[in-house]
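Visitor: can't give you the sequence, but here's the structure:
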């Protein structure tokens, strides 16, 4: 890491330590609906629109928050998501994670505590690409001892309603309410659709007017096509916010072997849990993978012994706890850039 990068991470850490209650309320709303307008957020929080916009911009500038569009690679036909769990030489996990995060084909890289040390999600464009990664690239990955590879067959949920409990159901905007996974085929992506995805993948809060100007189309077309992308499941908006900033200290991945006749039912039951951020059906060492965001170890225990234990058809379970995100939504992330949850005194 260069000196400038280290300084920026230290600065971000300091700013995150200074968060006050207003900052956290804004973060909570962004976590649930990353495209909520400042006007709507201001009304919900009882603040002026200018204050909300100013505070939010400070959170964006500090690195405490960012909103990006995340396309579903399967539905968009960009490639197949592949989950790779790695065991590493003791003391080498962070170096392995950093190397994986440098790859343009990795969308997610996290450090784990459990039977594996690192999880990477890469988007494989075809079988030859995956073969090169597994049998050539990983062989040269210094510090990696063993890899377990699973292909994602279907994504049931990529959701960000884990912070909903901080707001209350009535505080949600229509766009942020949980929706069922889209069923059936959708029309192929147009050139306009692809350009929208590219622009929003860099800044998920671009307004319809800004999108129209950037793409050289009308605002009504930008609005209509973006709604189509979201409604058809091509696109979700990912708030890149460390849940620990809002008091959610545990992020965990669960790999399950299940009765194959009940994959769909189990996945849909998990999708109804607000604490569940991600659910997919997989081929490999597991049949289902899910990611949960929880307040603490007690909440994780309740989730495992309550929700998971009562799912009919689960045959085995492996749980790993995330120690930190090195990369999410293709974006490098400072590992645990936050510090404590002590409120600051920042005004403005």
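Guide: Thanks, I have it. This structure is a prediction, so every number in the text was calculated from the model and none was measured.
Visitor: could you use CA atoms for every contact and neighbour count after this?
Guide: OK.
Visitor: which stretches of the stretch 51-200 of the chain have low pLDDT?
Guide: 168-186 (pLDDT under 70).
Visitor: okay, helices next: where are they in this protein?
Guide: Under the criterion DSSP state H, the chain contains helices at 3-17, 21-32, 38-45, 49-62, 73-76, 93-101, 127-132, 191-202, 208-215, 219-231, 263-271, 297-302.
Visitor: what's the residue closest to the geometric middle of the chain?
Guide: Centroid-nearest residue in the chain, with C-alpha atoms, centre = their mean: residue 238, separated by 5.6 Å.
Visitor: that residue and residue 156: what is the separation?
Guide: Between residue 238 and residue 156 the computed distance is 16 Å (C-alpha to C-alpha, to the nearest Å).
Visitor: okay but the residue nearest to the centre of the chain is in contact with residue 72, surely?
Guide: No. Judged on C-alpha atoms under 8 Å, residue 238 makes no contact with residue 72 at a distance of 11.7 Å.
Visitor: the closest residue to residue 148 other than its chain neighbours - how many residues pack around it?
Guide: Closest residue to residue 148 apart from its sequence neighbours, by C-alpha to C-alpha, 6 or more residues apart in numbering: residue 85 at 5.1 Å. Here the number of neighbours of residue 85 (other C-alpha atoms under 10 Å) works out to 21.
Visitor: so residue 85 touches residue 114, yeah?
Guide: No. If you go by C-alpha under 8 Å, residue 85 and residue 114 don't touch, sitting 10.9 Å apart.
Visitor: what is the neighbour count of residue 267?
Guide: Number of residues near residue 267 (other C-alpha under 10 Å) recorded here: 21.
Visitor: count the residues that sit near the closest residue to residue 325 other than its chain neighbours.
Guide: Excluding the flanking residues, the one nearest residue 325 by C-alpha to C-alpha, 6+ apart is residue 110, at 4.4 Å. Per other C-alpha under 10 Å, the neighbour tally for residue 110 reads 26.
Visitor: same check, this time on residue 316
Guide: Around residue 316 there are 11 residues (other C-alpha under 10 Å).
Visitor: wait, what's in contact with it?
Guide: Each residue near residue 316 by C-alpha atoms under 8 Å, 6 or more residues apart in numbering is listed here: 256, 257, 258.
Visitor: looking at those, which is nearest residue 211?
Guide: residue 256 (40.8 Å; C-alpha to C-alpha).
Visitor: wait, that closest one sits on residue 291?
Guide: No. In this structure, residue 256 is not within contact of residue 291 by C-alpha under 8 Å, at 11.4 Å.
Visitor: count the residues that sit near residue 105.
Guide: By other C-alpha under 10 Å, 15 other residues sit near residue 105.
Visitor: excluding its backbone neighbours, what's nearest residue 221?
Guide: Distances taken as C-alpha to C-alpha, 6+ apart put residue 212 closest to residue 221, at 7.8 Å, once the chain neighbours are dropped.
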